[in-house]
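In: Generate a structure from the sequence data that follows.
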Amino acid sequence: MDRRILATLKSIEQNMSEPVDLGTIAAEVKLSKFYFERLFQAEVGESYYAYFKRIRMHNAASRLKHTNQSIYEIAVAYGYGSNAAFTRAFRSFWGVSPTDYRADRTSWDAEAFYRERNLSLSLDVAPNIQIRDIGSYHCLFRRYYGPYTRMRAIWQDFLDRLPEALRGNYDAEARFLGRIYDDPRVTPPDEIRYDCCYVFADDRDPRLQLEEIRSNLVTTDAGLYAVIDNVRNPRPRPEIYAYMLDRWMPTTSYNYSDAPGLEFFAGNPVEANRSWAPVCTMLVPLE
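Out: All right, here's what the predicted structure looks like:
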């Protein structure tokens with residue numbers, strides 16, 4: 001993906017409360033408004049404003065399902081000044097009001113949703129969850145779209161495209177992480193976002209100054225995370241996230257966060273994603 005569009009996606013995802021004018025964002029990446037709009041459409045597959053609205057509406061839908069925040073609080077979080085304005089936008093996008101969307105539990109049973117995709121799913125056994133304050137990481141990243149069933153192929157593509165300076169023994173010398181954004185019960189499979197990342201252990205690493213790396217850097221969000229070790233006895237990805245969001249979080253004082261979740265792979269991420277049960281450490285951001 002064009003590095004200027006990657007920069008725009010990062011800006012959108014870090015500033016969900018207020019829309020950034022298309023002309024302003026185009027100027028920031030040193031493009032004319034006309035050329036930027038065409039380039040964004042070509043690279044992302046939809047217009048700048050359509051993408052911004054879709055991401056906000058998907059995040060808002062997740063908050064309605066996974067938090068006890070009032071509709072007004074959610075409206076304000078996504079830049080709407082009133083319930084009425086938010087309700088109009090939400091109904092236009094989803095076809096129902098925020099109140100009705102939150103109340104509809106018929107399609108929101110985690111086990112029923114996922115069992116069709118993974119017969120071994122069980123939310124009865126609780127994974128061990130620890131709350132940790134996690135710092136930020138500097139990473140080279142590449143954005144992918146598509147269902148989580150493509151994880152192994154996505155990671156293989158990422159490794160194949162790594163700059164020569166980062167190639168090596170993936171089982172011993174490198175650390176990788178995935179940034180996970182979307183709940184497949186909200187976001188259609190082809191629109192699910194996932195970032196594959198190479199982690200730099202030292203922020204003074206001279207390779208960070210290489211042009212081919214510098215233009216594709218991202219810094220992960222520091223903060224409080226719920227951490228699950230899925231290395232010793234790995235469980236399916238949907239099972240872990242469904243338990244976290246549907247069973248565990250409602251019993252705590254924590255809220256769903258818009259920041260992406262993290263998946264740390266100690267070794268080769270292709271091998272770690274051989275099945276629905278990825279061998280990794282999962283971090284879910286908390287508010």
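
In: looking at this, residue 179 is in a strand?
Out: Yes: Residue 179 forms part of a strand when assessed by DSSP: H, G, I helix; E, B strand; the rest coil.

In: Please verify my assumption that it contacts residue 197.
Out: Yes: counting by CB atoms under 8 Å, residue 179 touches residue 197, with 6.4 Å between them. Where C-beta positions appear, they are placed from N, C-alpha and C, glycine not excepted.

In: Show me whatever sits in contact with both of the two.
Out: Taking CB atoms under 8 Å, 6 or more residues apart in numbering as the contact rule, residue 179 and residue 197 both touch 141, 218, 220.

In: any idea which of those is closest to residue 274?
Out: Distances from residue 274 to those, taken as CB to CB, are shortest for residue 141 (22.4 Å).

In: what helix or strand is the closest one on?
Out: Applying DSSP states H and E as the criterion places residue 141 in strand 138-145.

In: Give me the buried positions along the helix or strand just after that strand.
Out: With elements assigned by DSSP H and E, the helix or strand that comes after strand 138-145 is helix 151-161. Under the neighbour-count criterion of 16 or more other CB atoms under 10 Å, helix 151-161 has 151-152, 154-155, 158-159 buried.

In: just stretch 215-235 next, same as before
Out: Within stretch 215-235, the residues scored as buried using 16+ other CB under 10 Å are 216-218, 220-221, 223-228, 230-231, 234-235.

In: Also stretch 29-45?
Out: 29, 31, 36-37, 39-40, 44.

In: before we move on, what about stretch 88-102?
Out: For stretch 88-102, a neighbour-count test (16+ other CB under 10 Å) marks 89-90, 94, 97-98, 101-102 as buried.

In: cool, and stretch 196-212?
Out: The neighbour-count check on stretch 196-212 (16+ other CB under 10 Å) flags 196-200 as buried.

In: As CSV, could you dump the C-alpha coordinates of it?
Out: Taking C-alpha atoms only, stretch 196-212 is exported to CSV below (Å, rounded to 0.1, in the frame of the first residue of the first chain):
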residue,chain,number,x,y,z
CYS,A,196,1.6,-7.6,10.5
CYS,A,197,4.6,-6.0,12.3
TYR,A,198,8.3,-6.5,12.8
VAL,A,199,9.2,-5.3,16.3
PHE,A,200,12.4,-3.4,16.9
ALA,A,201,13.7,-4.3,20.4
ASP,A,202,15.8,-1.1,20.6
ASP,A,203,14.4,2.3,19.5
ARG,A,204,18.0,3.3,18.7
ASP,A,205,18.4,0.5,16.1
PRO,A,206,20.1,2.2,13.1
ARG,A,207,17.9,0.2,10.7
LEU,A,208,15.0,2.5,11.8
GLN,A,209,16.6,5.2,9.7
LEU,A,210,16.5,3.3,6.5
GLU,A,211,14.1,4.9,4.1
GLU,A,212,12.3,1.6,3.2
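
In: Can you show me the helices along the protein?
Out: Applying DSSP state H to the chain gives helices spanning 3-14, 22-28, 33-44, 48-66, 71-77, 83-94, 98-103, 110-115, 151-161, 211-214, 237-242, 269-272.

In: The spatially most central residue of the chain: what's its closest spatial neighbour, skipping adjacent residues?
Out: Centrality entry for the chain: nearest residue to the mean C-alpha point is residue 181, 1.5 Å, by CA atoms, centre = their mean. Nearest non-adjacent residue to residue 181, counting by CB to CB, 6 or more residues apart in numbering: residue 193, 4.3 Å away.

In: Quick check: that neighbour vs residue 141, distance?
Out: For residue 193, the distance to residue 141 (CB to CB, to the nearest Å) stands at 11 Å.

In: Which residues are in contact with residue 29?
Out: Going by CB under 8 Å, 6+ apart, residue 29 touches 4, 7-8, 36.
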